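K.L.:
Whatever this is, show me its structure:
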Amino acid sequence: MKSQLLLLLALLLVTRTHCRNGDSTIRFLVADSAFVLRGDNSAASGKSLLGYRVAVLKQSNDHYLLVSDPRAAAAGTSVTSGVVYRVKLTGDEFNTTKELRSVSAEISFDFASQDRDLHANRSVVQFGASISTLRNGQFAVCAPGYNFANSFNHSVTPGLCAYWRSVNSRPRWIQKVFKYEPNHVHDKMFGNCMGGFDAMLYDPVAPKLAISGPFCMKGGLASVSLTTNETTYEEFKMGDENDYSGFSLTCEPEKQNPDLYATVPHSASITFTLMWRTRPSKVDLQRIVMRSENPYYSHLRKAFNYMGYSSATIKSVNPVTRINTTAIILGAPFESNNSTVNFGCVYVVPVEADWTDSQRDSLALKSAPVRYCGSDPGGRLGISVVNIGDINHDGSEDFAVGCPGCGPNATGAVYLFLGQGSYRAEQTLEPFEILEATTDLFPGVSGLGWSLAVADDLDKNGENEIVATAINSGHVLLLPARILMKMSIEIKSHGTFIKDVKFSDLENRESMEVDMVISFRTGPGSDARKYKFDFEVKLQEFVEAQSLKRFDIEPVSPSTSRLDYWQQVARNVDPKQINLLEFPLKFRISFRSNSTRHLPANILMRDLAVLVRWRMNNRKVQGGPNHFSRLFCMKIKCFQIMTTN
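P.N.:
So this is what the prediction gives:
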């Protein structure tokens, strides 16, 4: 393990226990990087695209990594039709940092066409340009460049896909899902769909494969049923000519009959089309548009930033209303302005909450989506996005964004974002952690963040892992989560734990002084004295309206705070405690009414919120401006992480 732990995931994770002295624990994670697969020396010269796509496959208790190289030649051949490498993962790989070269299997393009009058150029089929997985070992790989020459000697690329019901099953080849009319006047356009440019397996009960053909004349989308051996499918026509409808697909894959979204990254219509939606209960596609009155409309109409180059679906829970909502993340890697080219942005579009039924087949956004933009020229933030699950246990799913040209020396980075209870234009979207290839990983890694995937707790420590590819150097990195430290909060008043302070002790007081110690205890083998740790705290009462406030908070020590009420807190240094960090502070609670004094202290302050943020080892780590923790017991819950509006 590296001497300096890599803080990829510094997350606030809740341990729910019964109250004990007003104390609870937060776990923090650290990612120790392990090379899982490395390409040959041709990667840097542009002959290899190892890591173009990556996915994690689970069958029973076994996990496999699927990594594609659409330019690779299968073993023993010279035909560069593309290869998907399958690597079996075990828990042993997480204990040490090492490079693995073993591949469990090599999945190559072996489709044998039954059409006698067709001739395919196998060297450009791009097998592995898209990969999708579903539970119980199901996976699909597509070759959008699959082509043939017709009687007019026109090369067309309808594309095709292969589906495996399990790891060891034979592939089922799916072709001709998009119509091709060789005698049509627009012969060169019909059939050039690149079917399988993106693909998504979904619905574990009745599995289906969604296949996109963004280069069809008006965009193509097909949904293929996989429950029988016969190829039955629905084909949808989308969009306007040459707007690349279906460039990226997203849905909730493990949900039965989910809504499916197909992005439109090159919209040229009068009403800016963001994406199309198919719903199980509706026959026709619905167009999601941005109207001219939307603040981003003019910018996006002119930008051609490929908003929707990548996409992912996340779920959120509003902490106040407890309403579940869905949002679509759209990557726009070619976002630029007059001074910086291709810095890239990521947009979060809430589903339905801001949409209005303007027409039967059209839905319009009322307000602008929330966005975050990179700052590095050529960084291409948003080239990949992925749902990484609810890593801080606040009910809202979080996500990662790739930026293969970001960071020092433009070697790439992965940005991690905590999900919010709701997404509004006035809100800010900021990463809580950034992993940079140059500063945080091994030498030689370049293009980090091209493709991302999430693995479901491979090492059985309760936390998900992230897989990221570095396409320029031909690396695939597995980033397992590690517990770095635990945090606890101790609160007393005049030496007595808050839960033991009785209301009779407060009857003749107008205020109460409270001592708080926030402690971080590092894991075995970590010396906390080596950590640079700038720490800030902000205290507030969490109520829905000012009229409901029961007390005011005044800092005592440290006695000063900035205009935004954040206080810098110094750490206690104990040379004997090498694995303990302590941050003490004192504050005064002033009661707003006489009735307040007759409440037990733990009830009085049950809505006290402690916001914390810090900088550790020069790496920005924070819960974000909308994240806080409630300190006291409500029923059996002793500690919560919540997100405000």
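K.L.:
Might you report the residue contacts of I471?
P.N.:
Taking CB atoms under 8 Å, 6 or more residues apart in numbering, we find I471 in contact with 43, 49-52, 404, 447, 450-451. The C-beta positions use only the backbone N, C-alpha and C, and glycine is treated the same way.
K.L.:
The nearest residue to K492 once chain neighbours are set aside and P558, how far apart?
P.N.:
Spatial nearest neighbour of K492, excluding adjacent residues (CB to CB, 6 or more residues apart in numbering): D515 at 4.9 Å. According to CB to CB, to the nearest Å, D515 and P558 sit 13 Å apart.
K.L.:
Over to S132?
P.N.:
For S132, the distance to P558 - CB to CB - is 53 Å.
K.L.:
before we move on, what about R287?
P.N.:
Plainly put, R287 is 55 Å away from P558 if you go by CB to CB.
K.L.:
Repeat that for T439.
P.N.:
On the measure of CB to CB, T439 and P558 end up 32 Å apart.
K.L.:
same thing with T157?
P.N.:
Counting by CB to CB, the gap from T157 to P558 is 66 Å.
K.L.:
Between those two, which has more neighbouring residues?
P.N.:
Using other CB atoms under 10 Å, the more surrounded residue of T157 and P558 is T157, with 25 against 15.
K.L.:
Spell out which residues sit in contact with the more buried one, please.
P.N.:
T157 touches 144-147, 191-195, 215, counting by CB under 8 Å, 6+ apart.
K.L.:
The same query, at a cut-off of 7 Å, please.
P.N.:
Neighbour list for T157: 144-147, 192, 194 [criterion: CB atoms under 7 Å, 6 or more residues apart in numbering].
K.L.:
Low-confidence regions, the stretch 451-600 of the chain specifically.
P.N.:
461, 481-487, 498-508, 522-533, 542-544, 560-561, 594-600 (pLDDT under 70).
K.L.:
those helices in it, which residues are they?
P.N.:
Counting by DSSP state H, counting those that start in this stretch, the stretch 451-600 of the chain has no helices to list.
K.L.:
swap in the chain?
P.N.:
With DSSP state H, the ranges of helices along the chain come out as 297-303, 437-440, 601-604.
K.L.:
For the second one, what does the pLDDT average out to?
P.N.:
Spelled out, it's helix 437-440. Taken as a whole, helix 437-440 has a mean pLDDT of 76.
K.L.:
what sits up against it?
P.N.:
Taking CB under 7 Å, 6+ apart as the rule, helix 437-440 contacts 6, 407-409, 411-413, 445-446, 448, 470.
K.L.:
who does the residue nearest to K492 bridge with?
P.N.:
D515 forms beta bridges with K492, K586, as assigned by DSSP bridges.
K.L.:
And it, how far from Q540?
P.N.:
With CB to CB as the criterion, D515 and Q540 are 18 Å apart.
K.L.:
One more: N168?
P.N.:
From N168 to Q540 the distance is 57 Å (CB to CB).
K.L.:
quick one, which of those two is more surrounded?
P.N.:
Neighbour count, other CB under 10 Å: between N168 and Q540, Q540 has more, with 14 against 9.
K.L.:
With adjacent residues omitted, what lies nearest to the more buried one?
P.N.:
A609 (5.2 Å).
K.L.:
quick one: contacts for the residue nearest to L49 when sequence neighbours are not counted?
P.N.:
Of all residues not flanking L49 in the chain, R71 sits nearest, at 4.8 Å (CB to CB, 6+ apart). Neighbouring residues of R71 by CB under 7 Å, 6+ apart: 47-49, 80, 82.
K.L.:
got a markdown table for the residues you listed, with pLDDT and neighbour count too?
P.N.:
Formatted as a markdown table, the contacts of R71 follow (pLDDT from 0 to 100; neighbours: other CB atoms under 10 Å):
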| residue | pLDDT | neighbour count |
| --- | --- | --- |
| K47 | 70 | 15 |
| S48 | 81 | 21 |
| L49 | 90 | 23 |
| T80 | 88 | 22 |
| G82 | 93 | 29 |
